[in-house]
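Participant: Provide a 3D model corresponding to the input given below.
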Amino acid sequence: MLSSVLILGQMIHINKRVIELDNRKEVEMRRLVIKSYHMEKIELGEKFSIEGKRLILTEDFFRDKINKDLIDNIELKVINPYEHDMYVNSIMDVIPISTKVLGDLGEGITHTLTGVYVMLTGADVKGVQMAEFGSSEGILNEQLFLDRAGTPCKDDYIIHVDVTFQEGLMSSRKYATEGHRICDLFIQQIRNIMKKLPGREYTEKHEYYDKIRPGKKRVAIVKQIAGQGAMYDNQLFSKEPSGFEGGRSIIDLGNVPIILSPNEYRDGALRSMV
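Facilitator: Presented below is the predicted three-dimensional model:
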């Protein structure tokens, strides 16, 4: 079943700041600042840390966190740049690593890492892939379009979280949901460190505004998103950008239309979990 997300260019909001522009009043509703920190090396180690442009991950993080009723094993790997000639299970998600430092989704300050993504893959103990209408297992450079918006570049690192589910994953949403949940728990350990990164030592800084422009055309972008079956799902309004915890499934919401501001959309309020 398909649902709609409306991304509106003009909305009414309190706490407006008004500026003069060409003798008309332009209203700035929300200001979103995204600061990026570029990583040049990803390593496995004993504890999570960021040292300069080096991200270190806890190698055995998943050891005591697996729900054995749903998951048999989780393997953590680091895929180096240009090393994509390798087999992977069906790709469940490619996830940017971002966190809120100030404010809610769509406003305030967000820190994000560049040079690295998380890729979640999955199959069950018998090799049945995590998919419903077609799976994406195979050689990575043949299954993942690199250098596209929303996917890693060839020179990025990929943190590969490969989940082996117990048999029966096609029968219930709980398998896919548990895979996303535990992967998000892993990413949150990185986010907690990112919140403390020095605010002036970013690689890049971008500012975005939700605005009302009187006299201009009103624009709404309609984006159809999936919400059906065991795995075709989308998460909305999680606690963290592109996160899982605290979010609402579009299926559980009844596939009703949802309205997002441009900055909420830009800040990761919508996460595809197909």
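Participant: Excluding chain neighbours, give the residue nearest to the residue most central in space within the chain in space.
Facilitator: When C-alpha atoms, centre = their mean is applied to the chain, the residue found nearest the centroid is Ser242 (3.0 Å). Leaving aside its chain neighbours, Ser242 sits nearest to Gly268 (3.9 Å; criterion: C-beta to C-beta, 6 or more residues apart in numbering). Backbone N, C-alpha and C define where each C-beta goes, glycine included.
Participant: Which secondary structure state is assigned to the one you found?
Facilitator: What DSSP: H, G, I helix; E, B strand; the rest coil gives for Gly268 is coil.
Participant: residues contacting the residue nearest to the centre of the chain?
Facilitator: If you count contacts by C-beta atoms under 8 Å, 6 or more residues apart in numbering, Ser242 has them with 95-96, 98, 268, 271.
Participant: One more pass at 6 Å, please.
Facilitator: Residues near Ser242 by C-beta atoms under 6 Å, 6 or more residues apart in numbering: 95-96, 268, 271.
Participant: Now the terminal residues of stretch 240-257, how far apart.
Facilitator: Chord length of stretch 240-257, first to last residue, is 22 Å (C-alpha to C-alpha, to the nearest Å).
Participant: buried residues in it?
Facilitator: Along stretch 240-257, these residues count as buried under the neighbour rule (16 or more other C-beta atoms under 10 Å): 240-244, 247, 250-251, 255.
Participant: May I see the buried residues of stretch 123-132?
Facilitator: 123-124, 128-131.
Participant: What of stretch 133-143?
Facilitator: Buried residues in stretch 133-143 (16+ other C-beta under 10 Å): 135-138, 140, 143.
Participant: okay if I get the residues you listed as TSV plus pLDDT and secondary structure?
Facilitator: Formatted as TSV, the buried residues of stretch 133-143 follow (pLDDT from 0 to 100; DSSP: H, G, I helix; E, B strand; the rest coil):
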residue	pLDDT	secondary structure
Ser135	88	coil
Ser136	91	coil
Glu137	95	coil
Gly138	96	strand
Leu140	97	helix
Gln143	94	helix
